[in-house]
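Trainee: Okay, here's the prediction I keep looking at, along with the sequence it came from:
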2 protein chains.
Amino acid sequence: MKGSAEIICVGTELLLGDILNSNAQYLAQQLAQLGIPHYYQTVVGDNVARIQQAVAIACERSQFLIFTGGLGPTPDDLTTATLASFFGTPLIERPEILQDIQQKFAQRGRTMSDNNRKQALLPEGAEVLPNPVGSAPGMIWQPRPDLLIMTFPGVPSEMRAMWQTTSVAYLKQQGWVGSTIYSRTLRFWGISESALAEKVAPFFDQENPTVAPYASRGEVRLRISAKTASEVAAQQLIQPVEAAIREIAGADCFGADEDTLAAVVGKGLRSRSQTLSVAESCTGGGLGQALTAVAGSSEYFRGGLIAYDNAVKKVWLNVEAKALETDGAVSDIVAQQMAAGIKTQLQTDWGIGITGIAGPDGGSADKPVGLVYIGLSDPEGHTQSYAYHFGSDRGREWVRHVSVCTALDLLRRRFL
Amino acid sequence: MKGSAEIICVGTELLLGDILNSNAQYLAQQLAQLGIPHYYQTVVGDNVARIQQAVAIACERSQFLIFTGGLGPTPDDLTTATLASFFGTPLIERPEILQDIQQKFAQRGRTMSDNNRKQALLPEGAEVLPNPVGSAPGMIWQPRPDLLIMTFPGVPSEMRAMWQTTSVAYLKQQGWVGSTIYSRTLRFWGISESALAEKVAPFFDQENPTVAPYASRGEVRLRISAKTASEVAAQQLIQPVEAAIREIAGADCFGADEDTLAAVVGKGLRSRSQTLSVAESCTGGGLGQALTAVAGSSEYFRGGLIAYDNAVKKVWLNVEAKALETDGAVSDIVAQQMAAGIKTQLQTDWGIGITGIAGPDGGSADKPVGLVYIGLSDPEGHTQSYAYHFGSDRGREWVRHVSVCTALDLLRRRFL
């Protein structure tokens, strides 16, 4: 343990409120997991004098400064040059960075512009912090023996990849990591945060591991965090709590950590050597996209039909004109015929059909926005459908998202 | 205009990364709209000494301090007491607040706990900043003639309600609101941030309106921000700059503000009363999802096929077995046959076919991960295909995302 960290996010877009500061949250979580104390976060705009002032304050009270933003090729990307001048260190062009940037441009069939040259400049004595996903690298620099600086681009995916591939190992090796916080996140679908919180309330009072609930976009999560010296010790603390919570939650818990509903469904299909096809109306391809977001999904996912137009439902899925006329395109019978139709057409073991009213328009008194029917056709040839009221107040994108998740959850529960 | 604002968010949960700092973004947007300059944001934990240090720094460089968090009833809610002690002002219990809190508890059928008494304490001379939705009020306080302080709870809904119902009017009445900042964001696809920056470099030196670039997920944006007294005046400043940039950028600029590639493509189809269908392999439904994310897309989007399995490509799209064997599923010819096949099958004016290697597996020397072919079949029956190398380093999700955007962009450019 060498001291405390401070996160300094550079970017006028943060001061204008154009973007949410998700980088600060991610880094804060990472520091907490590594047991590195962290007492301040600062946001400052693309302005040399104010960046310098933020550095002056931070290096008096913190020993590890983490910068995000301001590493791009444009004139208002000032972080590296400002740090160099603050510590009176010259900038030196690193040929290896220049080469790397040129290669990345070449890979994408583009030629590097002169602006990008500045991204190859680092203060004398700084190490390159490689960027595996983007063009701009960061740096690891000790301008003083008692001060560590790391810089990252503002693009979250690049910052996270750089942190994971280089920073974590560096901090461990340099003795920054004390007693670590290991977390495991249990993921739930089909139960509300308050309902789940009531069921597992006693766990919220625990000290080590702690249990904390989070909800986002229809999914509920419980994070179990243990503060220990080793991962093994953490698992010994976490396992019994996880087991007890899974026991209480039952089928509503679909997985942990990186598990997604689509990945869990994929495991179920693979283990049964069964295949799946989908017919989507209101989700317009979102269910297929979720399924194929899982690498290797071609093993069990044959494909699907985006049956946005009723003619397509009729001709390609054999949905009866009568059903469309009498019950309407958004109905139990059409959802069933879509599921059965795609299963037959693509010769798969399972078929899913989704039809609904995503909104904002198209709702009526008896069929309001947010009404969605999901049909599921199983290997035995039985087809059932289920009706859901997702409401209109959260908007079109929400209705489509929860429809996709609910369809995946329906099939997942059939595997239990 | 009386000076600049600083946002100070108090809460250890922010330092642990348990929550996203959406309050800072909301307040930043509000300040920008009111034209109140705002150069710093600080996040600090529930700790008296560190809150005091943050106040000491902030009141030297800013004239309006906005605090969120630390107004609750628990012992680690420290904001009000710490501010009072920092400025050497006694806390006084406000009977009207106490009454209000008691009433709110009564309304919810609960009785107020002694803890809540502390929420009725405000520094001498501070005004109550009423909380219409929660129990804890904030304050409006001028501890010095040149310093304005407002405090808000950390709960976003309460903070926002208080800001809207009281703060905005107060700031206007007190002469804090000067010229307002109006922004317009131009959006680009098919050009890198650095290449665009070079083309429009002279604009970056402008004072009013300012022009600033940023990039995310393959898209580049230029924000034009004008500081004026009225929206009309702002538009008069922004319009010529926008026109000049559009002139320079040409076809690479696809829209502004809320425009998406899918919405622009939709406009183009609607204005021509033409229809579109898609055949997707590696994007697995993502193109359909993007198109149907636009409300009303059923007017021009018939549907599509997720042809994940080669058998599906053959049977449903009439992709030749020979092409699949000789050229492979990821090839110009298959992309073309997919586009032409879906156009024919769904009887649309346009057809798009996408086939590629999203990774992480499935790549080879001659067909690496990130290689994507997009076929476009037009109303005249001509079909072309285009090859792209999106690279492997940004991962499967990136390859799929830029494939969808590039397909939309191809069709968009045909409409120019």
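Mentor: Nice, thanks for sending it over.
Trainee: For A:Asp252, grab the count of nearby residues.
Mentor: 19 (other C-beta atoms under 10 Å in any protein chain shown). The way it works is simple: take the backbone N, C-alpha and C, and place the C-beta from them, glycine included.
Trainee: all helices of the stretch 1-150 of chain A, in order?
Mentor: With helices called from DSSP state H, counting those that start in this stretch, the stretch 1-150 of chain A shows them at A:12-15, A:22-34, A:48-61, A:79-86, A:95-107.
Trainee: wait, which of those is closest to chain B?
Mentor: Comparison of the helices of the stretch 1-150 of chain A against chain B by C-beta to the nearest C-beta identifies helix A:22-34 as nearest, at 3.3 Å.
Trainee: can you tell me if the closest one touches chain B.
Mentor: Yes - judged by C-beta under 8 Å from any C-beta of the partner chain, helix A:22-34 comes into contact with chain B through A:Ser22, A:Ala24, A:Gln25, A:Tyr26, A:Leu27, A:Ala28, A:Gln29, A:Gln30, A:Leu31, A:Ala32.
Trainee: Out of these, flag the one nearest to B:Val404.
Mentor: Of all the residues of helix A:22-34 next to chain B, B:Val404 sits closest to A:Ser22, with 22.4 Å by C-beta to C-beta.
Trainee: Surely that closest one and A:Pro156 touch.
Mentor: Yes - taking C-beta atoms under 8 Å as the definition, A:Ser22 is a contact partner of A:Pro156 at 5.6 Å.
Trainee: sorry, back to before: need the helices of the stretch 1-150 of chain A in CSV with mean neighbour count and mean pLDDT, can you?
Mentor: Output for the helices of the stretch 1-150 of chain A, formatted as CSV (neighbours: other C-beta atoms under 10 Å in any protein chain shown; pLDDT from 0 to 100):
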stretch, mean neighbour count, mean pLDDT
helix A:12-15, 22, 92
helix A:22-34, 21, 94
helix A:48-61, 17, 96
helix A:79-86, 21, 97
helix A:95-107, 15, 89
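Trainee: okay, these in CSV with distance to B:Val372 next?
Mentor: Compiled in CSV, these are given as follows (distance: least, C-beta to C-beta, whole Å):
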stretch, distance to B:Val372
helix A:12-15, 30
helix A:22-34, 28
helix A:48-61, 40
helix A:79-86, 34
helix A:95-107, 13
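Trainee: Contact residues of the stretch 251-400 of chain A facing chain B?
Mentor: Residues of the stretch 251-400 of chain A lying near chain B (C-beta under 8 Å from any C-beta): A:278, A:280, A:282-289, A:291-293, A:295-298, A:301-309, A:311-312, A:316, A:345-346, A:358-361, A:396-397, A:400.
Trainee: Quick one: list the elements packing against the helix or strand where A:Gly268 lies.
Mentor: Element membership for A:Gly268, per DSSP states H and E: helix A:261-271. Judged by 3 or more C-beta pairs under 8 Å, 6 or more residues apart in numbering or on different chains; DSSP states H and E, the packing partners of helix A:261-271 are strand A:253-256, helix A:286-292, helix A:396-414.
Trainee: Let me have the next helix or strand along the chain from it in PDB, keeping just the CA atoms, if that works.
Mentor: Elements were assigned by DSSP H and E; along the chain past helix A:261-271, the next helix or strand is strand A:276-280. What follows is strand A:276-280, C-alpha atoms only, in PDB (Å, rounded to 0.1, in the frame of the first residue of the first chain):
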ATOM      1  CA  LEU A 276     -33.300 -22.500 -32.100                       C
ATOM      2  CA  SER A 277     -34.800 -20.100 -34.600                       C
ATOM      3  CA  VAL A 278     -36.700 -16.900 -34.000                       C
ATOM      4  CA  ALA A 279     -39.500 -14.800 -35.700                       C
ATOM      5  CA  GLU A 280     -39.500 -11.200 -34.600                       C
END
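Trainee: If anything else comes up later, I'll come back, but that's it for now.
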